[in-house]
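Peer 1: Show me the folded form of this:
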Amino acid sequence: MNAQLMPKEGTVNPVIQSYWRFLFLPKNLALFKDQQARVRYFQARFSHLDIEELTPELLKESLPAHLSGSSQVKYFECWRALLDYGVACGLLPANPLQGVAKPKAGPGRQKYLSQDQLYQLLDGADATDNLLFYGIIYFAVVSGRRKGELLRLRRSDLDPENNTLTFRNRAGAPIQTLKLTSEGVHILMGLPRLGGANGLIFSLNGVKPYVGFKRNFVILCARLGFKDFTFQDLSFTYKQRVSKEMKL
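Peer 2: Here you go, the predicted model:
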């Protein structure tokens with residue numbers, strides 16, 4: 001809190017300082033880390049105003065225009081909590097934002113890919129001529145498994161007689177058995193077979209997991225125009241695809 005902004009009777013500043021002290025309570029430290037920038041923004045614009053000047057219209061117009069809709073909602077909710085606290089402490093007669101609809105969040109980042117976009121992703125990965133990279137993306141798409149579960153796969157998890165691949169949790173217990181298509185078999189047969197039966201499937205040496213795919217995945221998604229799409233979002237995409245019974 002800026003020391004030069006001392007509480008003045010009739011202004012908004014005592015409300016802000018009271019809420020700031022509340023955020024510093026040990027039990028609220030995590031909350032404070034999230035809210036401090038929003039409270040500072042509020043302080044810089046409104047601390048000098050008289051309480052009666054704090055109107056819903058002024059508050060909504062003052063939301064940071066450069067931020068996304070979802071971030072503006074967080075600012076709005078922070079300010080409403082601050083003003084509620086001021087009312088509870090007897091520093092405000094009423095909350096100007098009480099009953100005021102929060103701004104619409106608008107569309108967020110892309111978290112799902114359509115069937116056509118999945119084909120674009122697989123084609124783009126295939127075009128890199130990096131079978132490890134392509135294999136990880138392929139099995140994430142067809143199984144919905146996450147990065148750690150894919151990188152834990154070992155040669156012993158592959159059953160070539162029954163054409164199945166078993167995914168396991170950290171403790172080694174099976175969590176899913178995937179029936180392999182001819183494409184899946186082709187990918188696995190083309191990968192380096194290092195480290196014996198216990199060697200990692202997606203690895204350059206059979207011992208350490210292949211880690212180069214993360215940077216390549218970000219580059220590929222950017223090139224394809226999949227804004228802010230993450231590898232974990234392939235799991236969300238799989239669940240959505242299964243719920244709609246979409247097939248690749």
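Peer 1: Secondary structure element holding L178?
Peer 2: Element membership for L178, per DSSP states H and E: strand 174-179.
Peer 1: Okay, now the sheet partners of that strand, with direction.
Peer 2: strand 164-168 (antiparallel) (DSSP bridges).
Peer 1: Could you give me the buried positions within the strand it pairs with?
Peer 2: 165, 167-168 (16 or more other C-beta atoms under 10 Å). To be clear about C-beta, it is placed using only N, CA and C from the backbone, and glycine gets the same treatment.
Peer 1: Then stretch 90-104?
Peer 2: 91-92, 95-97.
Peer 1: What is the subsequent helix or strand relative to the helix or strand bottoming out on mean pLDDT in the chain?
Peer 2: Here the helix or strand of the chain ranked lowest by mean pLDDT, DSSP states H and E is helix 29-46, holding a mean of 79. For helix 29-46, the succeeding helix or strand toward the C-terminus, using DSSP H and E, is helix 56-61.
Peer 1: List the buried residues for that next one?
Peer 2: Neighbour-count burial for helix 56-61 flags 59-60 (criterion: 16+ other C-beta under 10 Å).
Peer 1: Tell me which other helices or strands that helix touches.
Peer 2: In this structure, helix 56-61 packs against helix 69-88, with contacts taken as 3 or more C-beta pairs under 8 Å, 6 or more residues apart in numbering; DSSP states H and E.
Peer 1: and the helix it packs on, what other elements does it pack with?
Peer 2: For helix 69-88, the packing partners by 3+ C-beta pairs under 8 Å, 6+ apart come out as helix 13-23, helix 29-46, helix 56-61.
Peer 1: what's the closest of these to T128?
Peer 2: Among the helices and strands packed on helix 69-88, helix 29-46 comes nearest to T128, with 38.6 Å by C-beta to C-beta.
Peer 1: I136 and Y210 touch, don't they?
Peer 2: Yes - between I136 and Y210 there is a contact at 7.2 Å, judged by C-beta atoms under 8 Å.
Peer 1: So which of these two has more stuff around it?
Peer 2: Neighbour totals were compared for I136 and Y210, and I136 leads with 28 against 21 (other C-beta atoms under 10 Å).
Peer 1: Nearest residue to L180 in space, please, no chain neighbours.
Peer 2: Counting by C-beta to C-beta, 6 or more residues apart in numbering, L180 lies nearest to N163, which is 4.4 Å off, once chain neighbours are set aside.
Peer 1: and the one you found, how many neighbours does it have?
Peer 2: N163 has 15 neighbours, counted by other C-beta under 10 Å.
Peer 1: mind giving me the domain ranges of the chain?
Peer 2: Domain assignment of the chain by automatic domain parsing yields the ranges 13-88, 115-243.
Peer 1: Of all those domains, which one is nearest P103?
Peer 2: domain 13-88 (5.0 Å).
Peer 1: Give the residues shared as contacts by I136 and Y210.
Peer 2: Common neighbours of I136 and Y210, counting by C-beta atoms under 8 Å, 6 or more residues apart in numbering, are 151, 202.
Peer 1: list the contacts for the nearest residue to S156 once chain neighbours are set aside?
Peer 2: If the residues on either side of it in the chain are set aside, S156 comes closest to A197, at 4.8 Å by C-beta to C-beta, 6+ apart. By C-beta under 8 Å, 6+ apart, the residues touching A197 are 154-156.
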